[in-house]
Each structure stands twice: as C-alpha cells, then as structure tokens.
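Visitor: Provided below for reference: sequence and predicted model.
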Amino acid sequence: SSRLDTAIVVPGKDRVKLTMMLKSDPLMDKINIYWNDRQDYMVINAGDRKKDTITVYLTPLSEGNYNFQVYTYDKKGHSSVVFNTSGEVYGDGYASALTARPVKSADQSSGGEDYVLYFGRPAQGDIGARIKYQNNKGNAVTMYLSADSARILLPDYQPNSPFTVESMFKPEADFIDTFF
C-alpha cells in the first residue's frame with residue numbers, strides 16, 4: 001500500500017486533530033495510527049472513502065508530546081512504510097499556570113444603566129475574555145472582549161449585580177480548543 005502524502009497534527013486540550021492527505025490508491029483499505037510506543041492505536045476504514053483527506057480526533061490523551069506512526073494497508077494486509085509525525089497535547093498542567101487578565105477598574109454610568117470595565121494587559125496566549133452579567137431586565141448576558149481591547153461596555157447592566165470575567169487562552173494559534 002502507498003504511504004500517506006502528508007499528515008498534520010493540530011494540538012488541543014486532552015486531544016489532537018490529525019489530518020491525513022492520502023495518495024490516490026484504489027487498493028488502500030485501512031489506516032492504523034499508533035502512539036505511546038504502539039500501546040495505543042486507532043484503526044480507520046479507508047477503503048470506501050470519498051475524499052483524499054481524512055481527519056480524526058485522538059482523545060483522550062494525557063498532556064505532553066506525542067509521536068504518531070501512521071501505516072496504510074491494502075486489502076491483502078500489506079503495509080506501507082511508516083509515516084512519522086508528532087504533536088503536543090495541553091491539559092490541566094498548562095491550565096493551572098494561566099493567569100487571568102486583571103480588571104483594573106469598573107465605572108457605572110451616571111444613569112446607572114451601563115457599566116464599563118477596564119482591563120490590564122493580557123498574558124501570553126490570552127485571546128480575550130468572556131464577561132457574563134445580568135441586565136436590568138433580569139436576563140443573563142454574555143459578551144466578549146478581544147485581547148487587543150482594554151475596555152468593554154456592559155449595556156443595560158443591573159446595578160449592584162455580580163459579573164464574571166473569564167480569560168480565554170490558546171497556547172498556539174491553530175489550537176483547536178479554548179482554555180477558560
């Protein structure tokens with residue numbers, strides 16, 4: 001069987017996304033992906049595929065670096081030469097080291113209907129913040145602050161009601177998940 005053309009590993013939280021580009025081989029029947037010194041594996045039926053690209057999510061994985069070995073097989077069980085690729089998985093260890101973006105100050109408008117939050121500088125990997133509050137009609141509202149903004153207006157904020165700010169993090173630009 002012919003080996004993979006390309007494989008791309010994209011990191012995630014307790015998982016990775018593996019996208020494999022296959023050569024046009026009508027005899028290809030299945031793909032085996034191995035990791036953890038071949039202790040763990042996934043088998044993919046490739047015989048009836050309609051596309052030349054297959055994407056799978058390998059989960060759950062513990063935090064750390066992984067080496068993946070990918071083999072293709074034909075209908076007679078003949079294997080290709082191995083295709084090696086690697087990727088990183090992020091988890092609770094990464095999350096425990098994150099620092100939330102600080103709220104420097106908060107001001108209520110003179111009419112008391114709006115609230116403005118002012119933020120400090122974002123930490124590395126901080127892509128923004130999710131703010132939840134209750135408006136003056138008693139409805140829950142969720143707003144998002146981008147990492148390059150230093151302030152956000154909370155319209156129709158209910159006076160003296162609590163709000164929460166959750167920083168959002170991606171350790172790498174193509175990370176498939178978001179840490180809060």
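Guide: Okay, I see it.

Visitor: and the longest strand along the chain, which residues are buried?
Guide: Longest strand of the chain, by residue count under DSSP state E: strand 64-74. For strand 64-74, burial by neighbour count (16 or more other CB atoms under 10 Å) applies to Y66, F68, V70, Y71, T72, Y73, D74. Any C-beta I mention is one placed from the backbone N, CA and C, and that applies to glycine too.

Visitor: for the chain, which residues score under the pLDDT cut-off?
Guide: 112 (pLDDT under 70).

Visitor: mind listing residues that contact stretch 64-84?
Guide: 1-4, 7, 9, 16, 18, 20, 22, 25, 27-36, 38, 46-47, 58, 85-89 (CB atoms under 8 Å, 6 or more residues apart in numbering).

Visitor: closest to F175 among the buried residues of strand 64-74?
Guide: Y66 (15.1 Å; CB to CB).

Visitor: run through the bridge partners of the closest one.
Guide: On the basis of DSSP bridges, Y66 is bridged to G87.

Visitor: where exactly do the strands run in the chain?
Guide: Secondary structure of the chain (DSSP E): strands located at 6-11, 16-21, 28-35, 40-45, 53-58, 64-74, 83-89, 103-108, 115-119, 126-134, 140-146, 151-154, 163-169.

Visitor: direction included, what does the shortest one pair up with?
Guide: Put plainly, it is strand 151-154. As defined by DSSP bridges, the strand partners of strand 151-154 come to strand 115-119 (antiparallel).

Visitor: buried residues in the partner strand, which are they?
Guide: The neighbour-count check on strand 115-119 (16+ other CB under 10 Å) flags Y115, L117, F119 as buried.

Visitor: same question, stretch 167-174
Guide: Going by neighbour count (16+ other CB under 10 Å), the buried part of stretch 167-174 is S167, M168, F169, K170, P171.

Visitor: need those residues in a markdown table (columns: distance to N139).
Guide: As requested, these are arranged in a markdown table below (distance: CB to CB, whole Å):
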| residue | distance to N139 |
| --- | --- |
| S167 | 24 |
| M168 | 22 |
| F169 | 28 |
| K170 | 29 |
| P171 | 34 |
